Every structure is written in C-alpha cells, then in structure tokens.
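1. One predicted model, sequence on top.
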Amino acid sequence: MSPRRRIAAVRPNAEFAEAAERHLDDVLAFLVYLTGDRNVAEDLTAETFARALERWRRFDPRRGSARTWLCQLARSTALDHFRSEERRRRREGRYSLEVREPFEAPFGDGLSPELEGALARLSAAEREVLALRVVLELDGESVARVLGISATACSTRLSRALQKLEKEVSAGVAA
C-alpha cells in the first residue's frame, strides 16, 4: 500500500476516534435517559459506536455535527433494541409481569425522588426530547433531525413534556 493510501486510510479512523472520544459521554447520557437502565445504555452505546465506525466514511459534516449524527445512530440502535425486546417478550409470552431489579437511579445521581419519579412516568418520546434538548443541550433543529420530526413538532413535544414534568413534580411535592 502506498504511503498516500495508508494516510488516507488512517485519517478517517483518527477523525472517528476524536469524535467518539468527544461525544461518548453525551451518547451514553442520551441512552440512559432513553432506556432508563444504565446497563442497557452502556451496551447500546458500545453498539452505537461500532455502527458509527462501520459507517464513518458516510458521515457528512455539512448535514450536521458528529454529535447529532451519533445521537441519530444511538436512537436507531435503541429503537432496534426495543423492537427486539418486544419480539422476545412476545415469544416468551410475558405481557403483564415486569420484574425490576433493585432500584438504581436511572437518570443520574442527585435528583430528588419527586423528579426521579416524574421522569420515570414520562413516555419514552418525552424523555427522549428532554434528554436531547435539556441534558445534551442540542439546538431544536438538531433534536428534530435526530428524532426525524419537524422542528415545530419537536418544540411542541418538548413543551408538553416540560409541562407534564412540572405537573408531576408539583403533584409529588404537594402530596
């Protein structure tokens, strides 16, 4: 292999390594909020970055940031996981009984029990938009791109999720 070809082959991997290192924590945080289970999120993060490495040559920075692209991959990886889990549950005939492991704060340390409970009661779509917009601080357009919805729908979903979260927390505090 010529030196020029060798450099061309190494450069994308170096760029990928830099992007992966820079955005690993963001992708993991997004998947923790999306799944509510840190162990599953860690597995999905590894799978996301494996997929990203395979597809890195197709990444186009003109269409969005590496962070946004990685979050899109993380979301599709999580959706694949959820579909697979649903098929497994159907095969095994487990529809109504869901046994949880001993409680571990899925949304991070330092949250009040009221906020933790309110986050758990939000739908996956609501947690997803909150994680991307509030936790990862992506702009509205990037969040919409990750979710595959319009910017208006994204803004509406975020607004409703925040209203629901506020209502849930207020009800928990008042009780």
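-> Structure received.
2. any chance you could map the helices in this protein?
-> All helices of the chain, identified by DSSP state H, fall at 3-35, 38-55, 66-92, 113-121, 124-130, 140-147, 151-174.
3. Export the ones you listed as a markdown table, with columns for mean pLDDT and mean neighbour count.
-> Yep, even glycine has a C-beta here, placed from its N, CA and C like the rest. Shown next, in a markdown table, are the helices of the chain (pLDDT from 0 to 100; neighbours: other C-beta atoms under 10 Å):
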| stretch | mean pLDDT | mean neighbour count |
| --- | --- | --- |
| helix 3-35 | 77 | 15 |
| helix 38-55 | 94 | 17 |
| helix 66-92 | 88 | 16 |
| helix 113-121 | 79 | 16 |
| helix 124-130 | 86 | 20 |
| helix 140-147 | 89 | 21 |
| helix 151-174 | 84 | 15 |
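4. Next, find the distance separating R63 from T152.
-> 20 Å (C-beta to C-beta, to the nearest Å).
5. Sorry, wrong one. I was asking about V129.
-> For V129, the distance to T152 - C-beta to C-beta - is 13 Å.
6. With A144 instead?
-> 8 Å.
7. just G140 next, same as before
-> For G140, the distance to T152 - C-beta to C-beta - is 9 Å.
8. now C71
-> 20 Å.
9. what's the spacing between the nearest residue to R157 once chain neighbours are set aside and S170?
-> Nearest non-adjacent residue to R157, counting by C-beta to C-beta, 6 or more residues apart in numbering: V129, 4.8 Å away. From V129 across to S170, the span is 20 Å (C-beta to C-beta).
10. A153 too?
-> 26 Å.
11. same question, R90
-> 38 Å.
12. wait, what's in contact with H81?
-> 35, 40, 44, 47 (C-beta atoms under 8 Å, 6 or more residues apart in numbering).
13. make that C71, sorry
-> Going by C-beta under 8 Å, 6+ apart, the list of residues near C71 reads 26-27, 30, 132, 136, 138, 142, 146.
14. what do you get if the cut-off is 6 Å, keeping everything else the same?
-> 30, 146 (C-beta atoms under 6 Å, 6 or more residues apart in numbering).
15. can you check C154 too?
-> Contact analysis of C154 by C-beta under 6 Å, 6+ apart lists 140, 143-144.
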